[in-house]
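In: predicted structure and sequence below. I'll ask about it afterward.
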Amino acid sequence: MTPLEELLAERIRRYGPIPFADFMRECLYHPVYGYYSKTELQRLADYYTSVDVHPIFGRLLARKFAEMWEQLERPKEFLLVEAGAGVGRLARHILDFCEATLPDFFAALRYVAVELSASRRKQAAERLERHGRANHLRITQEIPEHVPAGCVFSNELMDALAVHRVVMTAGSFEEVLVGCDHGRFVDVLGPVSTCAINDYFATQGITLHEGQHAEAGLEACDWIAEVGRRIERGFVLTIDYGHRARELFDERHMRGTLLAYQQHRVSEDFYRSPGEQDLTAHVNFTALENWGKRSGLKTTEFTSQTAFLLALGQPNEFADVYDPGQTETDQIRARLQLKTLIHPEGMGERFHVLLQRK
């Protein structure tokens, strides 16, 4: 039994079954035992992201951010806020490229790397020390209260925000709570723990099939609405895997989309080794759009990662993929890594990009 497992079991014994959202939040973000409090090596042992494939991902994003700066008529300071910055790998790719290739934009760029984990903030500070000393970067635990002009962006963050689990039973929702039976976590059906769950589905016009399981991403809704309130003028860019609501809750997803990842293996054993495996659910982009509207965010683009990266890389024929002095073998390897990011059978069509503006 993991230390977190003992803490959660004791909580359930004392107070009764808890919403899965509470369980998931503790499994991922407990300050001592949560999955994202672990070292970066733990994550790499379980899965990898677009950032891990090649620096071209960050370089193309940098070009997109420079476009945003131009669209905002070149403000003196452009606040670029990365939510879920981890150990600063993507931040370094973006900052290094802007410094070398986009000097005018770099002069205005103020990067804020937001990360909950204290250990990962420390790793990021070490990796990004040079940019911090030059006042182009600061690392924090919270998104700034006010973003006068800039962009808040995330890459594979929304899928790791806690979700409630529900099932349609006799025409109404029951919530799948987490109970504990003889030391094992089990599903327990009960009334929904908050009326926000009913509002979540009603707002999107979603009716589940009888017996269908689904996730309600209330935390993601609260997150996007709050971010929209903090932006005075600028953008929110979300990159993640998921769908719009009509596809996300169709008959192909009768069991929901929640999955557990450990050692590059995927399962539906959500209760195994709390704090030692990643838990994710597909992102509902319709919900991000709807709740974003409540704080003034308007959708300007929704597309696949393939189309998004192609539009950014094609003008210079993806010259940004190469580093100075590379051998022909290195260049071939770089092109293959690029294909992983944009090929429909790789990450290209599994990931989507939502751009909102205020």
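Out: Yep, that arrived.

In: tell me, what residue is most central in the protein?
Out: Centrality entry for the chain: nearest residue to the mean C-alpha point is L157, 1.5 Å, by C-alpha atoms, centre = their mean.

In: check contacts around that one.
Out: By C-beta atoms under 8 Å, 6 or more residues apart in numbering, the contact list for L157 reads A83, G84, D240. Quick note: C-beta positions are derived from backbone N, CA and C, even for glycine.

In: could these go into TSV alongside neighbour count, pLDDT and distance to R138?
Out: Below are the contacts of L157 laid out as TSV (neighbours: other C-beta atoms under 10 Å; pLDDT from 0 to 100; distance: C-beta to C-beta, whole Å):
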residue	neighbour count	pLDDT	distance to R138
A83	21	98	14
G84	20	96	16
D240	23	95	25
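
In: columns distance to Q141 and secondary structure on top of those residues, output as a markdown table?
Out: Shown next, in a markdown table, are these (distance: C-beta to C-beta, whole Å; DSSP: H, G, I helix; E, B strand; the rest coil):
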| residue | distance to Q141 | secondary structure |
| --- | --- | --- |
| A83 | 11 | strand |
| G84 | 12 | coil |
| D240 | 22 | strand |
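
In: what count of nearby residues applies to the nearest residue to E210 once chain neighbours are set aside?
Out: Spatial nearest neighbour of E210, chain neighbours left out: M168 (5.7 Å); criterion: C-beta to C-beta, 6 or more residues apart in numbering. M168 has 18 neighbours, counted by other C-beta atoms under 10 Å.

In: tell me the secondary structure for M168?
Out: Under DSSP: H, G, I helix; E, B strand; the rest coil, the three-state class of M168 is strand.

In: relative to D250, how far out is it?
Out: To D250, M168 is 13 Å away according to C-beta to C-beta, to the nearest Å.

In: do F23 as well
Out: In this view, F23 and D250 are 26 Å apart by C-beta to C-beta.

In: so those two - more neighbours on which side?
Out: When neighbours are counted by other C-beta under 10 Å, F23 and D250 differ, and F23 comes out ahead with 24 against 13.

In: make sure T300 is indeed in a strand.
Out: Yes - when classified by three-state DSSP, T300 is found to be part of a strand.

In: so who does it touch?
Out: L355, Q356, R357.

In: specify which member of these is nearest to G211.
Out: Of all those, G211 sits closest to Q356, with 34.4 Å by C-beta to C-beta.

In: that closest one and G292 touch, don't they?
Out: Yes - the pair Q356 and G292 passes the contact test of C-beta atoms under 8 Å, sitting 5.2 Å apart.

In: how about low-confidence regions in the stretch 251-358 of the chain?
Out: By pLDDT under 70, the weakly predicted segments of the stretch 251-358 of the chain are 322, 326, 331-332, 334, 337, 341, 343-349.

In: next, F173: secondary structure please.
Out: Applying three-state DSSP: F173 is strand.

In: strands of the stretch 251-358 of the chain, start to end?
Out: Using DSSP state E, counting those that start in this stretch, the strands of the stretch 251-358 of the chain run over 259-262, 265-267, 278-280, 283-284, 298-304, 351-357.

In: common neighbours of Q356 and G292, please.
Out: Taking C-beta under 8 Å, 6+ apart as the criterion, Q356 and G292 both touch G228, V236, K298, T299.

In: in CSV: these, plus distance to C27 and neighbour count.
Out: Output for these, formatted as CSV (distance: C-beta to C-beta, whole Å; neighbours: other C-beta atoms under 10 Å):
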residue, distance to C27, neighbour count
G228, 28, 20
V236, 26, 25
K298, 35, 12
T299, 31, 16
